[in-house]
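# output the structure for:
(one chain, ligands or ions: 1)
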Amino acid sequence: MKRDTIYDHDRRPVPPFAFNDQVAAVFDDMIKRSIPLYDEVIQRQAQLIPAFYQENTRIYDLGCSTGNLGVAACEAMGESPFHMIAVDNSASMLTIYDERRRALPAGGQIELVNDDVTRIAIENASIVIINFTLQFLSLANRDRLIDCVYKGLRPGGVLLFSEKIVHADEDFSTLQQDFYYRFKRENGYSDLAIAQKREALEKILIPETVGDHLKRVNSAGFKRLDIWLKWFNFCSWMCQK
Ligand code: GEK
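Coordinates of the predicted model:
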């Protein structure tokens, strides 16, 4: 795994963050050192797939990046057939995903789509996964996407999503940020790297509160839901239609 050193050196003025070749090349290292419990999220969601997959339906992974979820899904599904549609608007990410997919015996069951998640049709789905990607959409597009997900899910189908969040209370919010930067330092990011990444993401990644997310999924129609994992300013939900 190539180490992420993108913000280790002075890059000021820091350009806005983009999912380009440079990021895709170090993405796996970046995400594991930047998202607390990332492996746990992917592994447990993959284990939920055989529990909720309905025969002859689709699994969607929206904002799939380099395919960690897809790889884990292949393992979790074993010999059972499935159809996954993995969508990302970064061609750099999908090039890496495609190489990994081709190396897997079950990889042919994953279809890669290079498009914006707000432009694709969601149909006949039993599982939709959106990990750490809603946060990059405009608020209006988040609403529209979750509405489309609800409509595209079959009865009993599930939406699994994870997000970086913010706390509505200023003191709790500061505490969560402090623990998050502590986590990043423990994972080898310098104060300069942390500060520059934060600047790069400032207008690109807009976190919302748990309440905002619950309101959105509720108004889309989801009534059965659970926060199955939470770590300070990161949260994973499970919502069933
Ligand atoms: C994982 N889910 O490993 N349309 C399509 N893709 C998009 C859009 C969009 N509008 N906006 C952003 N992306 C993955 C990790 S990363 C999270 C997801 C992170 C894509 C973007 O190209 C990137 O690959 C992904 O969403 C976000 O669990 O880097 O913090």
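# show me the biggest strand of this protein in terms of residues.
strand 153-164 (DSSP state E).
# what mean pLDDT does that strand have?
Summarised as a single mean, pLDDT over strand 153-164 is 98.
# which other helices and strands does it contact?
helix 38-52, strand 125-131, helix 139-152, helix 210-220, strand 234-240 (3 or more Cβ pairs under 8 Å, 6 or more residues apart in numbering; DSSP states H and E). Every residue, glycine included, has its C-beta placed from N, CA and C.
# name the residues of the chain found near the ligand, please.
19, 31, 63-65, 68-69, 87-90, 93, 116-118, 131-133, 136-137 (Cβ under 6 Å from any ligand atom).
# and those, which of them are buried?
Buried by 16 or more other Cβ atoms under 10 Å: 19, 31, 63-65, 68-69, 87-90, 93, 117-118, 131-133, 136-137, out of the residues of the chain next to the ligand.
# out of those, list just those in helices.
I31, N68, L69, M93 (DSSP state H).
# is the last one in contact with D21, as I believe?
No: distance between M93 and D21: 9.6 Å, which falls outside the contact criterion (Cβ atoms under 8 Å).
# tell me the pLDDT of the closest residue to L225 other than its chain neighbours.
Among residues not flanking L225 along the chain, C239 sits closest, at 4.2 Å (Cβ to Cβ, 6 or more residues apart in numbering). Among the per-residue scores, C239 holds a pLDDT of 98.
# which parts of stretch 115-135 are buried?
Buried, per 16+ other Cβ under 10 Å, within stretch 115-135: 117-118, 120, 122, 125-135.
# now that stretch: average pLDDT?
98.
# just the endpoints, please. Distance across that stretch?
17 Å (Cα to Cα, to the nearest Å).
# go on, stretch 80-91?
29 Å.
# mind listing what P105 touches?
By Cβ atoms under 8 Å, 6 or more residues apart in numbering, the contact set of P105 is C74.
# that one falls within a helix, correct?
No: assessed with DSSP: H, G, I helix; E, B strand; the rest coil, P105 is coil; it does not lie in a helix.
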